[in-house]
Structures are given as C-alpha cells and as structure tokens.
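# next comes the sequence, and after it the predicted model I'd like to discuss.
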Amino acid sequence: MKTLFVATVGMGTGLEVDIVPPLINSIRESNPDCLLLFVTEDSKKNGEEIVRQLCRSEGNSRVHQLRAERDDIEEIFKEMLDVLRGIMKQHHISPEDVTADFTTGLKTMSAALALSAVQLGFSRLKYIAVKRDEQRKVIPGTERFKTLIPRGIWDSISLQTAISLMEHYRFVSALNILEQLPLLSTSEERIRQLLTRLANAYLRWDLFNHRSFASNYRLAEPDLNADQILVRFKVSKETIDLVDQIGNSKEITDLMIVDLINNAKRRIKEGRYDDAVARLYRACEMIAQWRLKEAYGINTSDVDLDRVPEKSRDWLNHCRSRENKIVIGLQKSYRLMMEMGDELGAEYDPLVGLLKERNESILAHGIKPVEGKTAHGMFERISHLAERSIADYERKRELLKFPF
C-alpha cells in the first residue's frame, strides 16, 4: 500500500522563521510515496520550494492552495476533507497509511488538518518541536518530531457515538462500535465495559428476552452511579422485578401487554412504522385474550361453550380447528366480548379502519408501507384499550419504559 504525508505550510515569518527545512526533515523522516501540502496564497512559495528541494514530481506530490476564507475553520476543514479523500482514492491509500503534520501555517489550517486526521482515522499526527536562539530563530538540526495517534481521539469520540446510538435504541450498532475501541484511557475503558453490558441488557429487553435483561443489567448495576454518563441507563429495582415477572410468566399478563405497547412506541420513535403496527396489532389481540381469560375464564385457543352466551354458540361452533377445539382470533374475540356485554367489545369498531391498513401492509398480508399517521393513530387506540382494561396502567407503563 502507498503512504501519504500531508502538512500545512506557513509563511515563515515571526516565530515560524525558516519553516522549510524542518518540514523537509519531517517529510524525509516519514519517507512517503505521496505528498500533499496545504498552503495559502502567501505560503504557496514555501510549499513549492519544499517540493523542489525534495526533487518530487507532480505525479507524487501536490501543493493545494486553499480557497476557503483563512479564518473560516469549518470551510477549511470541509475543503481539506474533499481534497484528502480525492487523493486517497486516486492513489488507493488507506487512512492507516497517512501521516499529517500540523506544525506550521495558520491556526485555522492546523486545527482543520488535525480534525481531518481524526475524522478520517489517520495513523499519525506529527508536530515539530524546535529550539530557538536569542532572536527566536529556529536553530537548525534541533527538530524533534512529536507524534500523536488520532485513532485514540477517534475512539474517545466513538465512545460518545455508542452512547448516542444506545439512547436511540440502536443497541447492535452500539455494540459493534464498543467492540472496536482499543485506544481508550483507563477510565474510558471502564465505561466501555459497563456500556457493553448495558447495551446487551437493553437489547435483550427490546427483543422480548426479559429474563436475560435482568441478568445482564445486574452485572453493570453496582457501578452505574460512578459516572454521570451511565446514570441515564439506570432503572429501579421495581422495574427489574416487573421485567423479571414478564420473563417468568407462562401466560399473557397485563405487564406483558404494557411492555409490548412500550416497545411499539420505541419503534415509532425510530420511524419503523411497520414494526410498530405489527406489535400494536398483537397487543390488541393480547388485550382481548387476557381480558377473556381473566374476567371470564375463556381461553381463545380452546373456547368453552358453557362459558359463553347462548347467542354466541352457533357461530363459535364454526370456529373449530382440526383438533376440534374452538379457536378465535382478534376480530371474533372482540365480537364475543361485545355479546357478553363487556365494555371492551364496543371498542373494536373504531379500530377497524386502522386494522385494515395493517392487514394491507407489507409485514401482514399486503404490499403497502405503513404511514406514520396510521402508526400514531393505532398507538393511541391501543393505549386507550389498555388503559380501560389494565388497572394502574399509567404507573405500569412508566415503570416499563426505558429510562432514556
């Protein structure tokens, strides 16, 4: 692979007198295949002199005069990124094979190059330290090359990126980042380990693996108060116990329904409306199944005709499975509740339109994507159903929400 050396070039005035020789030494020390020098109109002559003294050709060197305003660091940064990416692509140079020297030039140029090195993941950042005489002139031969590793800075930034991804429920993406941060400080490494445990815990909760959430969360819990970054991921003991109850339940419970609705809300926040509606449809069905079982002892997978009204028995007899069991789905469950005089039975009609749109979606029986309006509308209706049927619904909903 080819290597690239990139540097900012100053004018060589004031404290930067005689900057050409130190830069030449820095370039020779790296011995790059390709050379890129960022200059201004005033420092262009120095850039060209460096290329001349190194006897380099146009094929393996470039002096780029910056077009951005000299005090506009943001525009200089963007321009440098464009130039660097172009040269790296042209010469097939990977970021690991690039060294950047930000010793000379305008402060905005040096800062922009350092930012570019971090952004692109260069292997080294160099700075030339020199000794000066009484007139503040550089003493030839006193150059010392100080080296930084941009990857270490990038890893610190990536740690914050992982936290942001976790707060947006992107746990797999966060884990992928957290697994590849070798150059953190001791304190950052401790945070990385704790975040990895937390991401694993919340990922399992998000995937309905409730029992695994508690075991993973408890590994990190003792240290969560040690850092303000981690406190935001802390939940109460009552929440852990409720999640545990869901995981240990063999049947549908009110807590399971509440958790599913909260899960759907997270999918809406992500803009994953099809996934949200699929969960809300199941929550609607679970509410009916739970209500019939809790209030009337009726199992929708094996309806006992002795427990239903006389007027319902005829149509229910047409719902027999191959095993001769009476099995009813969402629509018929609400019909049965209505015929039994249950107030939830009357709640089905307002849902019909929304459920029809769900049935036409690509994750159900159709090919249409679900619109945000449909997902939000369905969420409101199902939340209303849950609130009417589940005691202390709002409190349970708050306890079973992610804390971020």
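Yes, it's here. Not measured: the values here are computed from a predicted model. Residues are numbered from 1 along each chain as shown.
# rest of the way, CA atoms for contacts and neighbours
Will do.
# what's the pLDDT at residue 135?
Looking at residue 135, its pLDDT is 65.
# what comes up buried for the helix or strand hosting residue 25?
Using DSSP states H and E, residue 25 sits within helix 20-30. Neighbour counts over helix 20-30 (16 or more other CA atoms under 10 Å) mark 20, 22-23, 25-27 as buried.
# ok, stretch 309-328 next?
Buried-residue list, stretch 309-328, by 16+ other CA under 10 Å: 313, 316, 319-320, 326-328.
# quick one, phi psi at residue 125?
phi -110, psi 130 (degrees, to the nearest 10).
# distance of it from residue 114?
7 Å (CA to CA, to the nearest Å).
# of these two, who's got more company?
Taking other CA atoms under 10 Å, residue 125 and residue 114 do not tie; residue 125 has more neighbours (24 against 20).
# in the sheet, who's paired with that one?
residue 100, residue 148 (DSSP bridges).
# next, the buried residues of the helix or strand containing residue 375.
Residue 375 belongs to helix 372-389 when elements are defined using DSSP H and E. By 16+ other CA under 10 Å, the buried positions in helix 372-389 come out as 372, 374-376, 378-379, 381-383, 385-386, 389.
# need the pLDDT of residue 138.
pLDDT, read off for residue 138, is 61.
# kindly report the same for the one 4 residues further on.
In the predicted model, residue 142 carries a pLDDT score of 66.
# what does the one 3 residues further on give?
Residue 145 carries a pLDDT score of 75 in this model.
# and it, what does it touch?
Applying CA atoms under 8 Å, 6 or more residues apart in numbering, we find residue 145 in contact with 26, 126-129.
# which strands and helices lie in contact with the one helix or strand residue 217 maps to?
Per DSSP H and E, residue 217 falls inside helix 210-220. Secondary-structure packing of helix 210-220 (3 or more CA pairs under 8 Å, 6 or more residues apart in numbering; DSSP states H and E): helix 186-206, helix 237-248.
# let me have the ones you listed in JSON lines, extended by mean pLDDT, mean neighbour count and distance to residue 109.
Putting those into JSON lines (pLDDT from 0 to 100; neighbours: other CA atoms under 10 Å; distance: least, CA to CA, whole Å) gives the following:
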{"stretch": "helix 186-206", "mean pLDDT": "95", "mean neighbour count": "19", "distance to residue 109": "30"}
{"stretch": "helix 237-248", "mean pLDDT": "96", "mean neighbour count": "16", "distance to residue 109": "52"}
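# need the ones you listed in TSV with distance to residue 36, can you?
Shown next, in TSV, are the helices and strands packed on helix 210-220 (distance: least, CA to CA, whole Å):
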stretch	distance to residue 36
helix 186-206	34
helix 237-248	56
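# closest to residue 229 out of those?
Using CA to CA as the measure, helix 186-206 is the one of the helices and strands packed on helix 210-220 that comes nearest residue 229, at 8.5 Å.
# which secondary structure elements does that closest one contact?
Applying 3+ CA pairs under 8 Å, 6+ apart, one finds that helix 186-206 makes contact with helix 150-167, helix 171-178, helix 210-220.
# what does that helix rub up against?
So helix 186-206 is contacted by 156, 159, 163, 166, 169, 171-172, 174-175, 178, 210, 212-217, 219-220, 223, 230, 233, 263 (CA under 8 Å, 6+ apart).
# just the buried subset of these, please.
Here, 16+ other CA under 10 Å leaves 156, 159, 163, 166, 169, 171, 174-175, 178, 210, 212-214, 216-217, 220, 230, 233, 263 buried among the contacts of helix 186-206.
# wasn't residue 10 part of a strand?
No: Residue 10 is assigned coil when assessed by DSSP: H, G, I helix; E, B strand; the rest coil, not a strand.
# residues near it, how many?
Neighbours around residue 10, by other CA under 10 Å: 28.
# excluding residues flanking it in the chain, which one is nearest it?
Spatial nearest neighbour of residue 10, excluding adjacent residues (CA to CA, 6 or more residues apart in numbering): residue 105 at 3.4 Å.
# which residue ranges of the stretch 301-404 of the chain form helices?
For the stretch 301-404 of the chain, the helices defined by DSSP state H, counting those that start in this stretch occupy 310-316, 330-339, 352-359, 372-389, 393-399.
# my guess is residue 397 contacts residue 260, does it?
No: under the criterion of CA atoms under 8 Å, residue 397 makes no contact with residue 260, lying 10.0 Å away.
# which one of the two is surrounded by more residues?
Legend: neighbour count by other CA under 10 Å for residue 397 and residue 260, higher for residue 260 (21 against 17).
# so that one touches residue 279, yeah?
Yes: Residue 260 is in contact with residue 279 according to CA under 8 Å; the separation is 6.6 Å.
# quick revisit: a strand runs through the residue nearest to residue 10, doesn't it?
No: assessed with three-state DSSP, residue 105 is coil; it does not lie in a strand.
# phi, psi for it please.
Backbone phi and psi, for residue 105 under degrees, to the nearest 10, turn out to be phi 100, psi 180.
# in whichever strand or helix holds residue 62, what's buried?
Per DSSP H and E: residue 62 is located in strand 61-65. For strand 61-65, a neighbour-count test (16+ other CA under 10 Å) marks 61-64 as buried.
# that strand: how far from the chain's middle?
37 Å (CA atoms, centre = their mean, to the nearest Å).
# again, but for stretch 207-223
Distance, centroid of stretch 207-223 to centroid of chain: 20 Å (CA atoms, centre = their mean).
# adjust the sequence numbering to begin at 753 for everything that follows.
Taking 753 as the first residue, the last one we looked at is stretch 959-975.
# quick one: mean pLDDT over that stretch.
92.
# likewise for stretch 1102-1116?
On average, the pLDDT along stretch 1102-1116 is 82.
# residues contacting it, please?
Contacts for stretch 1102-1116 (CA under 8 Å, 6+ apart): 1026-1027, 1029-1030, 1033, 1117-1122, 1126, 1129-1130, 1133.
# give me the buried subset of the residues you listed.
By 16+ other CA under 10 Å, the contacts of stretch 1102-1116 give 1026-1027, 1029-1030, 1033, 1122, 1126, 1130, 1133 as buried.
# now stretch 782-793 - C-alpha only, PDB.
Output in PDB follows, covering the C-alpha atoms of stretch 782-793 (Å, rounded to 0.1, in the frame of the first residue of the first chain):
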ATOM      1  CA  SER A 782       8.300   9.700   7.100                       C
ATOM      2  CA  ASN A 783       9.600   8.900   3.500                       C
ATOM      3  CA  PRO A 784       6.100   8.900   2.000                       C
ATOM      4  CA  ASP A 785       5.100   7.700  -1.500                       C
ATOM      5  CA  CYS A 786       2.800  10.700  -1.900                       C
ATOM      6  CA  LEU A 787       3.000  14.300  -0.600                       C
ATOM      7  CA  LEU A 788       0.200  16.800  -0.100                       C
ATOM      8  CA  LEU A 789       0.800  20.300   1.100                       C
ATOM      9  CA  PHE A 790      -2.000  22.700   2.100                       C
ATOM     10  CA  VAL A 791      -1.000  26.300   1.500                       C
ATOM     11  CA  THR A 792      -2.400  29.800   1.300                       C
ATOM     12  CA  GLU A 793      -1.700  32.300  -1.400                       C
END
